[in-house]
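Student: Below: sequence and its predicted model.
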Amino acid sequence: MPRDKNSIRREVLHFHESQGIHDLKEPRWQLTLCLVVVVFILYFSLWKGVKSSGKVVYITATMPYIVLLVLLIRGITLPGALNGIRAYLHIDLNKLNSPEVWIEAATQIFYSLGAGFGVLIAFASYNKFENNCYRDAILTSTINCVTSFFSGFAIFSVLGYMAHEHGVSIKEVATEGAGLVFIIYPEAISTLPGSTFFAIFFFIMLLTLGIDSSMGGMEAVITGLTDDFKILRRNRKLFTFITAFGTFLVALLCITKGGIYVFTLLDTYAAGTSILFGVLVEAVGVSWFYGVDRFSEDIERMMGFKPGLYWRLCWKFVSPVFLLVVVIASILTTRELKYDNYIFPYWANLVGWGIAMSSMIFVPLYAIYKFLSLPGTFKQRLAYCITPEHEHHLVAEGNVRQFKLKHWLAI
């Protein structure tokens, strides 16, 4: 295994030519060409909005399931596969005492569902008003969890085979992050009969998954800005190209000879604590300041019925408390950043936290800006800030719902 790991680093990444994150070197031209192809696919998938991206999703969303099924069927027929599956299904309850497990679990569920990134809101904005959002939420969450559980069998059956072939334990084979996807799993596939067929299938799956995720993230940015600025809406194709080109420029850092260090930095800081903080703010804003009772009434106007007590209690108490604990734990349990035996310099950790704070800091900054830009006394400004815009006339009348105890106790 070490030979294959070093091989992909030397031949594909030229990782050995970089001394660290301070010495990235130039981008690899082969990877640059691949990146150009991906960015072009993204642009032509998004330039017409959901009219074009909706058609692409039929392929990018269904192809991974076909590939996973093929890999699972092949994986469970390999020697040692059952040992891998047993390791996958083994539960170590002691791990639940570790805050890192809960942090990783929360981050993973937000990554896979797209919650907090603006993706779901962006796509949902194209729905009809009476769309059954309750059904969509249950269906999406269920499919997401079932898919994650199902893919575990496809992965660990192959890891079990790898451990069997090398005569080692599953723990020595299993790894996390890019190593599992781009080193361990491809190596396992390369030893199978018909390896070329399975390799093509596997990397098609990775390509479609990557494009699908990138489309969602870029669409959230494009939709949000074009909704606010009419000039961008009139020039959507140009704005989509600028967004795609900007993404290309940032991604170039990740395909330099030391790009794995940039990738590790972004993977750790870009959407860890910051995404948990963002979702916490959303949960508190909707359930407490807007009001879980009014939120439920809005859903009733859309679907004809109110969400049950269980959901309202989760929105108002369970979710905010859980997210607050996880955010605090993620900050307190932060460790020095490292990749294999390389320890990132102190300034790299500061850059990482700067990236994380770049999204979190805008919440209080915008709140301060909004407060200072509004007319009236301190109390009136505060009332305007925590009241929906369509109810601002009530503030002028002195009838502020949020200043009444009934609002905060409502469920």
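Tutor: Received the coordinates, thanks. The shown structure was predicted, so the numbers you read here are calculated from the model rather than taken from an experiment. Numbers count the residues shown, from 1 in each chain.
Student: Please make it C-alpha for all contacts and neighbour counts, starting now.
Tutor: OK.
Student: buried sites along stretch 368-386?
Tutor: Residues of stretch 368-386 classed as buried by neighbour count (16 or more other CA atoms under 10 Å): 371, 380-386.
Student: Which one of these is nearest to Glu297?
Tutor: Ile386 (18.4 Å; CA to CA).
Student: Does that closest one touch Val400 like I think?
Tutor: No: counting by CA atoms under 8 Å, Ile386 sits too far from Val400 to count as a contact (9.4 Å).
Student: Export the buried residues of stretch 368-386 to TSV and append columns for pLDDT and distance to Gly84.
Tutor: Below are the buried residues of stretch 368-386 laid out as TSV (pLDDT from 0 to 100; distance: CA to CA, whole Å):
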residue	pLDDT	distance to Gly84
Phe371	94	56
Gln380	91	62
Arg381	93	60
Leu382	92	57
Ala383	92	58
Tyr384	92	57
Cys385	92	54
Ile386	91	52
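Student: Please enumerate the strands of the stretch 301-411 of the chain.
Tutor: For the stretch 301-411 of the chain, applying DSSP state E, counting those that start in this stretch gives strands covering 338-339, 342-343.
Student: where does the chain have low pLDDT?
Tutor: Applying pLDDT under 70 to the chain picks out residues 1-13, 176-179.
Student: Excluding sequence neighbours, find me the nearest residue to Leu276.
Tutor: Val327 (6.1 Å; CA to CA, 6 or more residues apart in numbering).
Student: Pull the contacting residues for that neighbour.
Tutor: Contacts for Val327 (CA atoms under 8 Å, 6 or more residues apart in numbering) come out as 103, 273, 276-277.
Student: and the residue most central in space within the chain, helix, strand or coil?
Tutor: The chain has Tyr111 as the residue nearest its centroid, 2.7 Å off, counting by CA atoms, centre = their mean. Following DSSP: H, G, I helix; E, B strand; the rest coil, we place Tyr111 in the helix state.
Student: do you know how far it is from Gly210?
Tutor: Distance, Tyr111 to Gly210, by CA to CA, to the nearest Å: 13 Å.
Student: ok, now Ser141?
Tutor: Using CA to CA, we find Ser141 at a distance of 20 Å from Gly210.
Student: how about the helices of the stretch 301-411 of the chain, start to end?
Tutor: Per DSSP state H, counting those that start in this stretch, the stretch 301-411 of the chain carries helices over the ranges 309-313, 319-332, 346-360, 362-373, 378-385, 392-396, 405-409.
Student: Ok, the stretch 101-250 of the chain next?
Tutor: With DSSP H, counting those that start in this stretch as the criterion, the stretch 101-250 of the chain has helices at 119-124, 133-166, 170-173, 178-179, 185-190, 195-228, 230-234, 236-252.
Student: Now tabulate the ones you listed in TSV and tack on mean neighbour count.
Tutor: Below are those laid out as TSV (neighbours: other CA atoms under 10 Å):
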stretch	mean neighbour count
helix 119-124	17
helix 133-166	18
helix 170-173	15
helix 178-179	12
helix 185-190	18
helix 195-228	17
helix 230-234	13
helix 236-252	16
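Student: Show me the contact partners of stretch 344-363.
Tutor: 20-21, 265-266, 268-274, 277-278, 336-338.
Student: State the pair within those residues that is farthest apart.
Tutor: Gly20 and Gly278 (31.2 Å).
Student: and of the helices of the stretch 101-250 of the chain, who's closest to Glu26?
Tutor: helix 236-252 (9.0 Å).
Student: Show me how far stretch 247-265 is from its chain's centre.
Tutor: 18 Å (CA atoms, centre = their mean, to the nearest Å).
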